[in-house]
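**Q** Need coordinates for the following:
(chains A and B)
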Amino acid sequence: KAGVTQTPRYLIKTRGQQVTLSCSPISGHRSVSWYQQTPGQGLQFLFEYFSETQRNKGNFPGRFSGRQFSNSRSEMNVSTLELGDSALYLCASSLIAGGDNEQFFGPGTRLTVL
Amino acid sequence: AQSVTQLGSHVSVSEGALVLLRCNYSSSVPPYLFWYVQYPNQGLQLLLKYTSAATLVKGINGFEAEFKKSETSFHLTKPSAHMSDAAEYFCAVSDIVKAAGNKLTFGGGTRVLVKP
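**A** Next up is the predicted model:
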């Protein structure tokens, strides 16, 4: 069974631009969560989608948004990029939504904002 | 809000020695607890999880962790370190309330260096 895939793996953007990251969950998984990982703030929850609905949202500005499609694939978008948005963005999928479920993480997309 | 504290951002152990990584959580109700490992340029891999069954949880690669409610701790151990254990380890919690979904709150991470 293929794991969680994220595209692209690396991305370089300049301040003010916008970016879209993609995540394909493991086949059959309906829940997708996104996390931001930075050296200073560590791993922080961005949002979670289940059956195309956002279930939870972390404490991030409105520039960060996401969506989930009917095939469970998910995208996240960051508009008006700032230098501080440089990070590793991780996507995780699980069969269903529920705190005890194992989440499977993708390799991440490393975003660099210049 | 839940929080997770990992004591020690870096730990150095000799090959064959005990690995002990500390994790404490703050929550009035014991949450679900997880340990993840991250190798360079990779995502996170689940080592083990506690979901209110046995307090001593065995995971992959010889790791185990013990949930102690009185100490609000979930420390990770491995009796004998191997060079392949060099990685960063994260403790995480998830609320037992279903409405909280899959949201994980992570500790700051502990980077393990294994010396030959």
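
**Q** Please name the residues that touch the residue positioned nearest the centre of chain B.
**A** Closest residue to the average C-alpha location of chain B: residue B:35 at 3.2 Å, with CA atoms, centre = their mean. By CB atoms under 8 Å, 6 or more residues apart in numbering or on different chains, residue B:35 lies in contact with B:21, B:23, B:46-49, B:59, B:63, B:65, B:74, B:76, B:89-92. Quick note: C-beta positions are derived from backbone N, CA and C, even for glycine.

**Q** If it is in a bridge, with which residues?
**A** Beta-bridge partners of residue B:35, counted by DSSP bridges, are residue B:48, residue B:91.

**Q** Ok, residue B:113 next?
**A** Beta-bridge pairing of residue B:113, defined through DSSP bridges, involves residue B:12.

**Q** ok, it - contacts?
**A** With contacts defined as CB under 8 Å, 6+ apart, residue B:113 is in contact with B:10-13, B:86.

**Q** same check, this time on residue B:92
**A** With contact set as CB under 8 Å, 6+ apart, residue B:92 has these partners: A:43, B:4, B:33-36, B:104-107.

**Q** Go again with 6 Å.
**A** Residue B:92 makes contact with B:34, B:104, B:106, according to CB atoms under 6 Å, 6 or more residues apart in numbering or on different chains.

**Q** on that earlier part again, can you turn the buried part of the contacts of residue B:35 into a PyMOL selection?
**A** When burial is assessed using 16 or more other CB atoms under 10 Å in any protein chain shown, the buried subset of the contacts of residue B:35 is captured in PyMOL by this command:
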select buried, chain B and resi 21+23+46+47+48+49+59+63+65+74+76+89+90+91+92
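
**Q** any idea which of the contacts of residue B:35 is closest to residue A:57?
**A** Residue A:57 has its nearest neighbour among those in residue B:92, at 18.0 Å by CB to CB.

**Q** which bits of chain B sit near chain A?
**A** B:32, B:42-44, B:46, B:51, B:94-96, B:98, B:100-103, B:106, B:108 (CB under 6 Å from any CB of the partner chain).

**Q** Quick one: buried ones out of those?
**A** When those are checked against 16+ other CB under 10 Å, the ones flagged as buried are B:32, B:43-44, B:46, B:51, B:94-96, B:100-103, B:106.

**Q** Residue B:34 against residue B:49, yeah?
**A** Yes. Residue B:34 sits in contact with residue B:49 when judged by CB atoms under 6 Å, with a separation of 4.7 Å.

**Q** Okay, strands next: where are they in chain A?
**A** Counting by DSSP state E, chain A forms strands over residues A:5-7, A:10-13, A:19-24, A:31-38, A:42-50, A:53-57, A:64-68, A:74-78, A:87-94, A:104-105, A:109-113, given from the N-terminal end onward.

**Q** need the ones you listed in a markdown table with distance to residue B:114, can you?
**A** Rendered in a markdown table, the data for the strands of chain A read as follows (distance: least, CB to CB, whole Å):
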| stretch | distance to residue B:114 |
| --- | --- |
| strand A:5-7 | 29 |
| strand A:10-13 | 28 |
| strand A:19-24 | 32 |
| strand A:31-38 | 23 |
| strand A:42-50 | 22 |
| strand A:53-57 | 36 |
| strand A:64-68 | 37 |
| strand A:74-78 | 35 |
| strand A:87-94 | 23 |
| strand A:104-105 | 23 |
| strand A:109-113 | 25 |
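
**Q** Would you single out the least confident of those?
**A** Comparing those by mean pLDDT, the weakest confidence falls on strand A:53-57, with a mean of 91.

**Q** Does chain B have contacts with that one?
**A** Yes. Figure legend: strand A:53-57 in contact with chain B (CB under 6 Å from any CB); contacting residues A:55-56.
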